[in-house]
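1. model this:
(one chain, ligands or ions: 1)
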Amino acid sequence: MVLAQLGGGISRALAQMRDATVIDEKVLTDCLHEIARALLQADVHIKMVSDMRSNIRRIVNLEALAAGINKRRIIQQAVFAELCKMLDPGKPSFVPTKGKLSVVMFVGLQGSGKTTTCTKYARYHQRKGFKPSLVCADTFRAGAFDQLKQNATKANIPYYGSYMESDPVKIAVEGVERFRKENSDLIIVDTSGRHKQEAALIEEMRQVAEATKPDLVIFVMDGSIGQAAFDQAQAFKQSASVGAVIVTKLDGHAKGGGALSAVAATKSPVIFIGTGEHIDDIEVFEVKPFVSRLLGMGDLSLVKKFHDVVPVDQQSELMQKLTEGTFTLRLFYELLQNLINMGPIGQVLSMLPGFSSELMPKGHDKESQAKIKRYMTIMDSMTNAELDSTNPKLMSESRISRIARGSGRAVKDVMDMLEEYKRIAKAFSKFKNMDKVPKRNNKILDTMNNLIPPQLLNQMGGINALHNFIKQMG
Ligand SMILES: Nc1nc2c(ncn2[C@@H]2O[C@H](COP(=O)(O)OP(=O)(O)OP(=O)(O)O)[C@@H](O)[C@H]2O)c(=O)[nH]1
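-> Purely as a prediction, here's the structure:
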């Protein structure tokens, strides 16, 4: 996605500034100019860019800074804080509570991904133990109810809608009433869209909101709409009091800057981003980790996900084993075991070293789960010595045939599993001795930079992210 380019542009501007021998007005001006250019290219609203520039100028007063103060750091911190400010309206969104009824209404233009996102949102909460339900109050688009029905059925989520009724307010009220009686604790109301923001649509949203009294109205915005985002978000804000934003299609070529505009226009936070057509392609959006990743300052979410994947009491042990470079089959097994308990594992795996799209192709969670379980069954037929060996690649042919028989799989399956293990062990071996990296050691980082395939490094949030990751894990 083009947001990565935006991050690249800003990081480059900061790196140039860091490399300058002396930080003077010219260096700061050039740095801010480059950052502004990157933001504008990502379709961020021009007014926001110029505000950000003048805010940083105000915070960083080079002349007033005493000698000896780290100016580079102050500039970098100011840029980080301003980007966070752009994405953070300062008031958190309503968060549904399990067991307590919440009504959440979705609004947005036709094709923004509203219906798909409703189901993703429902599924996300279902995984967290909620009892979600879906109401289709979109009577404008023929086929909208069918689409919702199909999505909901796949995810095993109760739904309500009508082929006959043409009054969206009536359907919304009936649906909410039905699921209230059925003890649903999260009733999600999908509403109509139009090709553009029209008075009729805005009025319809107002009426549905008035009748269902939602606890939260979520504005769904297509991430690729660019500068138009500001006006669109503002129009919806007037129809119903929008309390949160979800930006979709950030997996494609979306410039993503529109997200910043939507936050500004609705004064509401982005709570999730859509990253694909599959039901699990939704990610919680958190400002600081996002900006951190954008600037290559360390992928906090990667650390968080690692902590999610690995139970707390095993974290330091696992990290120690990793930094010792002993990625045994048992370790591989433990990691896989934790991962299959986590729901949309593709997202997590894509952030761990070596778990490439081969093992976990996007949108194929089911197949991937099956593959992981297959690998684990195979490992179940191994001896302790084999699982703990630091070189299981040397396993003899007769042992491989025996394991295949024992696990009821073909020899090729065992070979495939060992190949996959080898590849992942290789990626994890880059962690070896990394806990001993003193401070930022450019030489080691350069070596790592050469060792790790660029795509993998990118997934990990860049070289700085890796460095910080290792430091934080240590
Ligand atoms: N790549 C990608 N496609 C998405 C995402 N979210 C939705 N889509 C696709 O966008 C298209 C439109 O999505 P819908 O959910 O039908 O859009 P809608 O806003 O409900 O449209 P109306 O019901 O007509 O208002 C579909 O093909 C979805 O699969 C996403 O995050 N990434």
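
2. what ranges do the helices span in the stretch 51-200 of the chain?
-> Counting by DSSP state H, counting those that start in this stretch, the stretch 51-200 of the chain has helices at residues 71-87, 114-127, 144-155, 168-181, 199-212.

3. okay, the angle between the shortest one and helix 168-181?
-> For helix 144-155 against helix 168-181, the angle by axes from the mean of the first three to the mean of the last three C-alpha atoms, to 10 degrees is 20 degrees.

4. which of the helices of the stretch 51-200 of the chain sits most buried?
-> Highest mean neighbour count of the helices of the stretch 51-200 of the chain: helix 114-127, a mean of 24 (counted as mean count of other C-beta atoms under 10 Å). (Glycine included, C-beta is placed from N, CA and C.)

5. Next, see if it gets close to the ligand.
-> Yes - Helix 114-127 lies within reach of the ligand by C-beta under 6 Å from any ligand atom, at 114-116.

6. So what touches that helix?
-> Residues outside helix 114-127 that contact it (C-beta atoms under 8 Å, 6 or more residues apart in numbering) are 96, 104, 106-108, 132-134, 136, 138, 144, 147-148, 151-152, 155-157, 186, 188, 190-191, 193, 218, 220, 246, 248, 272, 274, 277, 279-282, 343.

7. so which of the residues you listed also contact the ligand?
-> 108, 138, 144, 147, 193, 248, 274, 277, 281.

8. Pick out the most distant pair among these.
-> Across those, the longest distance by C-beta to C-beta is 21.2 Å; it joins Asp138 and Asp281.

9. So which of the contacts of helix 114-127 are in strands?
-> When strands are assigned by DSSP state E, the members of the contacts of helix 114-127 inside them are 104, 106-107, 132-134, 136, 186, 188, 190-191, 218, 220, 246, 248, 272, 274, 282.

10. How many residues are close by Ala385?
-> By the measure other C-beta atoms under 10 Å, the count of residues near Ala385 is 8.

11. what about it, helix or strand, and which?
-> Following DSSP states H and E, one finds Ala385 within helix 384-388.

12. Can you name the element that comes right after that helix?
-> In the C-terminal direction from helix 384-388 (assignment by DSSP H and E), the next one is helix 397-407.

13. May I see the buried residues of that following helix?
-> Neighbour counts using 16 or more other C-beta atoms under 10 Å place 402-404, 407 of helix 397-407 among the buried residues.

14. hey, which helix or strand in the protein has the poorest pLDDT?
-> Least confident helix or strand of the chain, by mean pLDDT, DSSP states H and E, is helix 300-309 with a mean of 48.

15. centre of the chain versus the strand or helix carrying His33, how much separation?
-> Here His33 sits within helix 25-41, counting by DSSP H and E. Centre-to-centre, helix 25-41 and its host chain are 27 Å apart (C-alpha atoms, centre = their mean, to the nearest Å).

16. Show me which residues of stretch 235-248 are buried.
-> Neighbour-count burial for stretch 235-248 flags 235-237, 239-240, 242-248 (criterion: 16+ other C-beta under 10 Å).
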